[in-house]
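> 3D, please:
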Amino acid sequence: MSVPSWNPPRELSRREQRLLKRRTKKLFGFLREYRHELFDEGFQKELASMYRERGEGKAPVAPALLAMVTLLQAYTGASDAEAVDLSMDNARWQMVLGVLGEEEAPFSQGVLSPFRDRLIAHEMDRRLLERTVELARRTGGFDPKKLPKTLRLAVDSRPLIGAGRVEDTFNLLGRAARQLLTCAAKVKGEEPKQIAERIGAQLLLGRSIKSALDIADWTNEAQKGEALSRLLTAIAALEEWVREELGERAGEPPVAEKLATLGQLREQDLDPEPPGGGKAQIREGVAPDRRVSLGDPEMRHGRKSKSRTFSGYKSHLATDLDQKLVLACAVTPANRPEGEGLDSMRNDLARVISHPIEELHVDRAYVGATYTSDLMAQGAELMSKARGIAANDGYFDKSDFKIDLRAKTATCPAGQSIPITLGQVARFNPEKCAACPLRIICTSAALGHGRTLSIAADEPLQRRLRNLSASRSGRASQRRRVTIEHRLAHHAQKQGRFARYLGLRKNLLDSRRHAAILNLEVLQARRAA
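Numbers count the residues shown, from 1 in each chain. Sure thing, here's the model as predicted:
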């Protein structure tokens, strides 16, 4: 199968010249000028390779043109349907796509979603971001004589609210059971209503599981417990019917997937050992890695701060502070630590980094990443704020003790010195603490127990970061990371606070194409200057 190339004209037509003279969004003109550089012959061959492995007989639309459409959608926020209309009705879109004056759309709405799937399957969304970095470094107005020979890398994250519907235990279990009922009925060739009536699970037929349970007061624990028992009885009857009636087919997709989802929800949301051996009840607290949505199984509950929670993902960006280019992106479930986001970008960064990393600017949450430790071992200087020293309810806190990391000793305010080991709790002599006149303002431990002091495994690093924050020049160095905060805010402004797609991988594609737009805007601004 021959995959067509995209070969729009290089020379500006008179109409294009008139369009570019009008007040218009500057990136359209830049994309028109540099589309041949961005989608050169080599990159077009890479895009074409997405099609060769499958060998479809129907010739596709030129993949480079669809890649440009993908960028234009990120720049303008257009949906697939709107993109088709804009390619016919909007002169700026037509100019960039090389179809100015054409009456027919150069692509159909139906090709865009499969094209994004191909980008994901072949990691070409990553290549699209890399191409913007390559283009910027090759033609972007960066004076190589003024650029440093080392790299200052900054990383940060922001919440990305998931597109899936977040539900409580009753609704999650009820909807999952209804989906199993519908799926099993289709496999069996019967109506869901007939099956539900036969097994006594009619409450699964209602559009709202809570209205079907119909209890007077959802704040009454006894009534909630009775409703939960009825729901679980109906679910158990359904699962038993599925396994008996479908036999081996119950262990095959799609029925097996629905059964597994029900099992997952029951395990995460219900107390496995109710007090007193009574009926099942909703678990106290939140289970680790709790699934919060049927529509998007990868969404998770997350916390931006002690008072701010959200459900969805974390979007991570890694930026070159000097060139202001986004080098890599990552998307992780909201409950995962930030360090995983940095570690997941490691290979992507290795593909685009051409100079040694001299400084790594991150917030505290990234300090524990494996990549952070490796970069520091290679000579990179970590720029971050130190972990705070917790207040001790009026007693001496850690800052009141003299910790000598070279001698590996800790000395209390009363002068008692003890040896310390990184990553362990240091314990002062109980007899000396009992006789100490400062005991009343040092510890609340019972007699026979001395004061303790937690020594972090990375105590030397935290000491250096605290010393850095204590000096004016050090604080100025730490403030250089403001560039990544601006990049992150600009990225959020373009992509939005809410995920456009279900699932982690599709949202990573969306993050990468918006990051590509940020890079192209940096390049356009430098060229204009």
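> Could you list the low-pLDDT ranges of the stretch 1-150 of the chain?
1, 23-24, 53-59, 140-147 (pLDDT under 70).
> So Asn429 is in contact with Gly450, correct?
Yes. Using CB atoms under 8 Å, Asn429 is in contact with Gly450, at 5.6 Å. Yep, even glycine has a C-beta here, placed from its N, CA and C like the rest.
> Contacts for the least confident helix or strand in the chain by mean pLDDT next, please.
Lowest mean confidence among the helices and strands of the chain (mean pLDDT, DSSP states H and E): helix 472-478, at a mean of 86. Applying CB atoms under 8 Å, 6 or more residues apart in numbering, the contact partners of helix 472-478 are 359, 361, 383-385, 467-469.
> of these, buried ones?
Taking 16 or more other CB atoms under 10 Å as the criterion, what is buried in the contacts of helix 472-478 is 359, 361, 383-385, 468.
> now for the residues you listed, which pair is the farthest apart?
Maximum pairwise distance in the buried ones among the contacts of helix 472-478, criterion CB to CB, is 14.6 Å, between Glu359 and Lys385.
> ok so, going back, give me the more crowded residue out of Asn429 and Gly450.
Set Asn429 next to Gly450 and count neighbours by other CB atoms under 10 Å: Gly450 wins out with 21 against 13.
> Next up, the contacts around the more buried one.
Residues in contact with Gly450, defined by CB under 8 Å, 6+ apart, are 427-434, 443.
> Relative to Ala456, how far out is it?
20 Å (CB to CB, to the nearest Å).
> repeat for Leu86
Following CB to CB, the distance that separates Leu86 from Ala456 is 55 Å.
> do the same with Gly251
49 Å.
> just the strands in the stretch 401-529 of the chain please.
402-404, 409-411, 417-419, 425-427, 452-454 (DSSP state E, counting those that start in this stretch).
> and the fourth one, how far out from the chain's middle?
Chain-centre distance of strand 425-427: 38 Å, with CA atoms, centre = their mean, to the nearest Å.
> what does stretch 281-296 give?
Distance of stretch 281-296 from the chain centroid (CA atoms, centre = their mean) equals 19 Å.
> same deal with stretch 294-312?
Averaging C-alpha positions (CA atoms, centre = their mean) puts stretch 294-312 10 Å from its chain's average.
> Buried residues, it. List them.
294, 296, 298-302, 310-312.
> From start to finish, how long is it in a straight line?
Using CA to CA, to the nearest Å, one end of stretch 294-312 lies 13 Å from the other.
> Show which residues not belonging to it make contact with it.
159-167, 172, 175-176, 179, 261, 286, 289-293, 313-314, 333-336, 499, 502-504.
> Now the buried members of those.
159-164, 166-167, 172, 175-176, 179, 261, 290-293, 313-314, 333-335, 499, 502-504.
> Double-check that Gln154 belongs to a strand.
Slight slip there: residue 154 is Ala, not Gln. Yes. Membership of Ala154 in a strand is supported by DSSP: H, G, I helix; E, B strand; the rest coil.
> i'd like the first residue to be 59 from this point on
Sounds good: first residue 59 from here, last item Ala212.
> about what we covered before: nearest to Glu255 among the strands of the stretch 459-587 of the chain would be which one?
Using CB to CB, the strands of the stretch 459-587 of the chain put strand 510-512 closest to Glu255, at 61.9 Å.
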